[in-house]
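# Everything below, folded, please.
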Amino acid sequence: MEPQKYNFSLSRQDAYKEFVVYRNIFSEEECAAIRQIGLSLPVAKAKILNKDGELVEKAETRVSRVRRMGWNPETDWLYRKLESVLLACNKETYQFDISGFYERIQFTEYETGGHYNWHVDLDKGQYSMRKLSMIVQLSAPEEYEGGEVQFTAYGMPRVPKGLGTVAIFPAYVWHRVCPVTKGQRFSLVVWSSGPHFR
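The predicted model follows:
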């Protein structure tokens, strides 16, 4: 049986130099299915890379829980859909030289007090090949307060909180997840990789 192909004619809803937003890419049912898969996986406290290249917990910088979603029969549809959206966006907007997903999808949970201070996704070692970052909103706006994804562009724009909303941006762009003040925020983060930027 041929795998399902996703063809998108994407219409950018909000576009800045630093990031692009697409609304309603994932349906309510798809978001619920992704959450069910994510919550069934082993969980760990989120870490950051220190100056020595070691992954460490640092609460003043990042507080959340993460689970890794591999590419398997259960997640094949998700990987294919993410890949289709990302490739369409890259063709339309960035034209980066990308090769695919070298890292597993990150399913992230922010509870009250959870946050991720200003950072970029591009770093040393295996993280040096990241080209585009993609965030998928898996919580409806009424499920939590705070927790906005914010960028350092003029006016400090924030990603809309709509369920199923996708934001795509270069891995070198500074962004943060503001503290969650109530409820829980679930999201996916995935990175496309490729040859180093020149």
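# Could you list the low-pLDDT ranges of the protein?
For the chain, residues meeting the criterion pLDDT under 70 lie at 1-17, 154.
# Using the three-state scheme, assign the residue nearest to Lys124 when sequence neighbours are not counted.
Spatial nearest neighbour of Lys124, chain neighbours left out: Gly53 (6.0 Å); criterion: Cβ to Cβ, 6 or more residues apart in numbering. No exception for glycine: its C-beta is placed from N, CA and C like everyone else's. Taking DSSP: H, G, I helix; E, B strand; the rest coil as the rule, one finds Gly53 in the coil state.
# What separation do you get for Gly53 and Val189?
21 Å (Cβ to Cβ, to the nearest Å).
# Please apply the same query to Lys91.
Distance from Lys91 to Val189, counting by Cβ to Cβ: 21 Å.
# Show me how far stretch 95-105 is from its chain's centre.
The chain centroid and the centroid of stretch 95-105 are separated by 13 Å under Cα atoms, centre = their mean, to the nearest Å.
# If you count surrounding residues, which of Gly53 and Val189 has more?
The neighbour count for Gly53 versus Val189, taken as other Cβ atoms under 10 Å, is higher for Val189 (18 against 11).
# A strand includes the more buried one, no?
Yes. Going by three-state DSSP, the assignment for Val189 places it inside a strand.
# quick one: contacts for it?
Going by Cβ atoms under 8 Å, 6 or more residues apart in numbering, Val189 touches Ile105, Gln106, Thr108, Ser133, Met134, Ile135, Val136.
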